[in-house]
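Model the following, please.
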Amino acid sequence: MTEFIPPGSRFVDLPSPFPMKRGGALSGARMAYETWGHPDPARSNAVLIVTGLSPDAHAASHDDDPSPGWWEQMLGPGKAIDTDRWFVICVNSLGSCKGSTGPASIDPTTGELYRLGFPELSIEDGADAAAHVVRALGIERLACVIGNSMGGMTALALLARHPGIARSHINICGAARALPFSIAIRSLQREAIRLDPKWNGGNYTEADYPESGMRMARKLGVITYRSALEWDGRFGRVRLDSDRRDDEDPFGLEFEVESYLEGHARRFVRRFDPNCYLYLSRSMDWFDIGESCGADTEAGLASLRMERALAIGVQTDILFPLQQQQQIADGLRAGGVDAHFLPLESPQGHDAFLVDIARFGPAVAGFLEALPPAVARGDR
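I've put the predicted structure just below:
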């Protein structure tokens, strides 16, 4: 049996070839992951976190990397996801540029970057890769799989394609399928990148990089990640001081909200690979849990088997609206799962799970604390 590695940052090699759902296969691919806490003797206390589009596997600090993680306030000793009790694994998505193999990786068959030669990427491929990490760590069954945003899609695909891999599930601001509004936004983001002349059919370089396209794509994303209520409360119609405006540009930045978007976008541009962004974005548009299960969406959800589930949504989320989390809870309940839907009133939109820990923390902690001990035989 595989021996557990200590907490920290690691890689797992995927099988070669690693078949992709929409055709093609990867050779020499790997997944980046990080862990916190320690497994119990029965290896029954493992919790898997699957992320949104841009986060890496560094959800929280640890000895290997003491820098704050993207979910630092949620994960750690005594926190909502209590690493004194749980052995927590967070994987970087297949197709990303944050350690796992993706379009920005070297294709071992050519010695060059994959770029657009990377096979078509689906949410299901990310789920299969995450399942391989779990099994490579010697875990037969997870206590819980937690999916945020795109990760909520990945978690559902994981449960569909690998029956019995988890006893429970928390779906946070996720969806069982992509809706037209979200598809439209992501389509515009991809178009902004592809219409940048420096994208050059995916063959850009560090010197000639599609910064304008990535800036516009990120701005569109950030606008949908938060709510109009927060934009109004946070910025109002406050104008920039005269020394922060470019008076030579008649259409330059004038309002504080414009400056915020510009600064946010510029910080992101060189931190995420444009081709990886395109692939991951499109994988969300293609996703429908019904397709994974050979049925419609509701029947696909009803076919999933686990003990308990919680779907959390935010009333101000326009990207993954509240009815999508209710659909998940209702669909799982129709299949016999003890599933609950929790709508939250956070003003911070889709990104609330990253920042509104005062609301999300107790919900996640309460669900995990109520999980019964693993049953050796006969559990669902």
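
Double-check residue 121 against residue 282; I have them as touching.
Yes - the pair residue 121 and residue 282 qualifies as a contact (Cβ atoms under 8 Å) at a distance of 7.4 Å. Backbone N, C-alpha and C define where each C-beta goes, glycine included.

Grab the nearest non-local neighbour of residue 335.
Distances taken as Cβ to Cβ, 6 or more residues apart in numbering place residue 302 nearest to residue 335, at 3.5 Å, with adjacent residues excluded.

which one of residue 121 and residue 282 has more residues nearby?
Shown here are residue 121 and residue 282; by other Cβ atoms under 10 Å, residue 121 has more neighbours (26 against 18).

Tell me which helix or strand the most far-flung residue of the chain relative to its centre sits in.
The C-alpha centroid of the chain is most remote from residue 248, which lies 41.0 Å away (Cα atoms, centre = their mean). Assessed by DSSP states H and E, residue 248 sits outside every helix and strand.

before we move on, back to that, show the pLDDT at the residue nearest to residue 335.
Residue 302 carries a pLDDT score of 97 in this model.

I'd like the numbering to begin with 30 instead of 1 from here.
Understood, numbering begins at 30; the last thing we discussed is residue 331.

Check the burial of it by counting its neighbours.
Residue 331: 19 neighbours (other Cβ under 10 Å).

now do residue 223
15.

Rank the helices and strands of the chain by mean pLDDT and give me the bottom one.
One helix or strand of the chain scores below all others by mean pLDDT, DSSP states H and E: helix 318-322, with a mean of 86.

C-alpha coordinates for that helix, CSV please?
Only the C-alpha atoms of helix 318-322 are listed here, as CSV (Å, rounded to 0.1, in the frame of the first residue of the first chain):
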residue,chain,number,x,y,z
ILE,A,318,-23.4,16.5,-15.9
GLY,A,319,-26.1,14.9,-17.9
GLU,A,320,-23.7,14.3,-20.7
SER,A,321,-21.2,12.6,-18.3
CYS,A,322,-24.0,10.3,-17.2
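
Any idea which residue is closest to the centre of the chain?
Centre-most residue of the chain, counting by Cα atoms, centre = their mean: residue 81, 1.7 Å.

doesn't residue 177 make contact with it?
Yes - the pair residue 81 and residue 177 qualifies as a contact (Cβ under 8 Å) at a distance of 5.4 Å.

quick one, what contacts the residue nearest to residue 189 when sequence neighbours are not counted?
Among residues not flanking residue 189 along the chain, residue 321 sits closest, at 4.5 Å (Cβ to Cβ, 6+ apart). By Cβ atoms under 8 Å, 6 or more residues apart in numbering, the contact set of residue 321 is 153, 185-186, 189-190, 329.

what about the strands in the stretch 280-409 of the chain?
337-343, 367-373 (DSSP state E, counting those that start in this stretch).

Kindly compare burial across the ones you listed and name the winner.
strand 337-343 (a mean of 27; mean count of other Cβ atoms under 10 Å).

which strands and helices sit next to that strand?
For strand 337-343, the contact count by 3 or more Cβ pairs under 8 Å, 6 or more residues apart in numbering; DSSP states H and E identifies strand 197-201, helix 351-363, strand 367-373, helix 381-384, helix 386-398 as packing neighbours.

Strand 197-201 and the second one, what's the angle between them?
Inter-element angle recorded for helix 351-363 and strand 197-201: 170 degrees (by axes from the mean of the first three to the mean of the last three Cα atoms, to 10 degrees).

just to revisit the earlier point, of the contacts of residue 321, buried ones?
Buried subset of these (neighbour count, 16 or more other Cβ atoms under 10 Å): 153, 185-186, 189, 329.

Residue 350 against residue 208, yeah?
Yes - using Cβ under 8 Å, residue 350 is in contact with residue 208, at 7.4 Å.
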